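Enquirer: Need a 3D model of the following:
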Amino acid sequence: MIEHGFLRVAAAVPRVRVGDCAANAETVLGLIARAERDGAALIVFPELCLTGYTCGDLFHQPVLQRAALDALAKIVDHSESTSCLTVVGLPLVVADQLCNVAAVVHRGRLLGLVPKSHLPNYKEFYEGRWFAPAPRLSEQTLHLLAQDVPFGTHLIFDASPHIPGF
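Expert: Numbers count the residues shown, from 1 in each chain. Sure thing, here's the model as predicted:
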């Protein structure tokens, strides 16, 4: 398919255990393996899939934040042996503000972090209570998991040479 300019893309919805980042990372890794067996070049997971979307005020707890980062580190380490580019969601503290970010992972590297820009804050959604929107953030590079990682909403990712043209 790649020779013809096509990629197989997978959207995965893991069964999430709220607040159990280690278990959620294992579920994500299982779904990555399945997507790779099925020939996917890219697998995308829901926002906050490493913690669960409904953590509420627990998002501000350092224990949960560290657990989410540990889960991301496990996924990054595991990605060294996979070819699938992976996008997972987690809460991350940046410049003393909590962000809802999408982490882009490929071949043992964290390629970038994209913060959510438009936070719903109506009816059952309270994201404005917990997270800072992307426009408020001025960081462009973060040092995370022993890497300098691009951070922002205008990033372009390159998975070559592993996936030519992607």
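
Enquirer: neighbours around the nearest residue to Leu144 once chain neighbours are set aside, how many?
Expert: Distances taken as Cβ to Cβ, 6 or more residues apart in numbering put Leu110 closest to Leu144, at 6.5 Å, once the chain neighbours are dropped. Every C-beta, even on glycine, is put in place using the N, C-alpha and C of the backbone. For Leu110, the neighbour count with other Cβ atoms under 10 Å is 22.

Enquirer: going forward, begin numbering at 220 instead of 1
Expert: Right, with 220 as the first residue, what we last looked at is Leu329.

Enquirer: Enumerate every residue touching Leu329.
Expert: Leu291, Val295, Ala322, Val323, Leu363, Leu364, Gln366, Val368 (Cβ atoms under 8 Å, 6 or more residues apart in numbering).

Enquirer: Show me which of those are buried.
Expert: Leu291, Val295, Ala322, Val323, Leu363, Leu364, Val368 (16 or more other Cβ atoms under 10 Å).

Enquirer: tell me which element Leu329 is part of?
Expert: Using DSSP states H and E, Leu329 falls within strand 328-334.

Enquirer: just to revisit the earlier point, please flag which of the contacts of Leu329 sit within helices.
Expert: In helices, defined here by DSSP state H, the members of these are Leu291, Val295.

Enquirer: Looking at the contacts of Leu329, which one is closest to Ala378?
Expert: When the contacts of Leu329 are ranked by distance to Ala378 (Cβ to Cβ), Val323 comes first, at 9.3 Å.

Enquirer: circling back to that earlier point, what's the closest of the buried ones among the contacts of Leu329 to Glu346?
Expert: Using Cβ to Cβ, the buried ones among the contacts of Leu329 come closest to Glu346 at Ala322, 17.7 Å.

Enquirer: and the closest one, what are its bridge partners?
Expert: Under DSSP bridges, the beta-bridge partners of Ala322 are Val307, Leu332.

Enquirer: dump the residue contacts of it.
Expert: Taking Cβ under 8 Å, 6+ apart, one finds Leu291, Ile294, Val306, Val307, Gly308, Leu309, Leu329, Gly331, Leu332 in contact with Ala322.

Enquirer: what's the answer for Pro339, then?
Expert: Applying Cβ under 8 Å, 6+ apart, we find Pro339 in contact with Glu346, Gly347.
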